[in-house]
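*Asks:* sequence and predicted structure are below.
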Amino acid sequence: MIFLDSSFLISVEVDTDQNHKKASVITDGIASGKYGMPAISDYIFDEVITVTFGRTKDLEKAVLVGEKLNESAEMIKIEDLYFREAWEIFKDQKDTRLSFTDCTTLALMRGRGIKTIATFDGDFKKVKGITVV
């Protein structure tokens with residue numbers, strides 16, 4: 001399984017994003033099954049839709065992105081257990097500058113045994129035990 005971070009998903013959807021071409025190559029690998037099934041969290045869904053709508057001001061585009069996410073990735077809810085673990089990760093950071101949403105991603109990945117993430121957020125590279133593609 002591969003977790004899809006908002007930085008990756010936004011790069012896929014925004015043609016002018018500096019990482020759009022890299023994201024397209026990674027997307028091809030995901031589509032071919034190279035990394036296993038894609039997964040997102042409800043927090044990532046929220047972040048991607050909010051940023052897409054904020055950047056484009058195009059409700060139709062934001063809805064289309066949301067529909068694609070709902071169809072193509074398993075959506076995992078940030079339940080209380082992941083939320084509490086994320087709060088501990090957030091409070092205990094030393095070498096990273098992860099947002100709280102990023103910490104929910106880490107808690108979920110650890111809890112579900114997901115070792116691979118598609119992201120352009122450099123702080124994930126500092127986290128032991130996960131592979132950034």
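*Replies:* Alright, I've got the coordinates.
*Asks:* just checking, residue 35 is part of a helix?
*Replies:* No. With DSSP: H, G, I helix; E, B strand; the rest coil as the criterion, residue 35 is located in coil rather than a helix.
*Asks:* report the contact partners of it.
*Replies:* 1, 2, 29, 116, 118, 133 (Cβ atoms under 8 Å, 6 or more residues apart in numbering). C-beta: built from backbone N, CA, C; applies to glycine.
*Asks:* what do you get for residue 133?
*Replies:* Residue 133 sits in contact with 2, 26, 29, 35, 116, 117, 118, where contact means Cβ under 8 Å, 6+ apart.
*Asks:* in strands, which of those appear?
*Replies:* Among those, the members found in strands (DSSP state E) are 2, 116, 117, 118.
*Asks:* returning to that earlier point: with pLDDT and distance to residue 79 as extra columns, can I get the contacts of residue 35 in TSV?
*Replies:* Shown next, in TSV, are those (pLDDT from 0 to 100; distance: Cβ to Cβ, whole Å):
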residue	pLDDT	distance to residue 79
1	95	17
2	97	21
29	94	29
116	97	22
118	97	23
133	93	26
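*Asks:* what's the most distant pair in the residues you listed?
*Replies:* 1 and 29 (13.7 Å; Cβ to Cβ).
*Asks:* so which residues of the protein form strands?
*Replies:* With strands called from DSSP E, the chain shows them at 2-4, 38-41, 74-76, 116-118, 131-132.
*Asks:* so which elements touch the last one?
*Replies:* For strand 131-132, the packing partners by 3 or more Cβ pairs under 8 Å, 6 or more residues apart in numbering; DSSP states H and E come out as strand 116-118.
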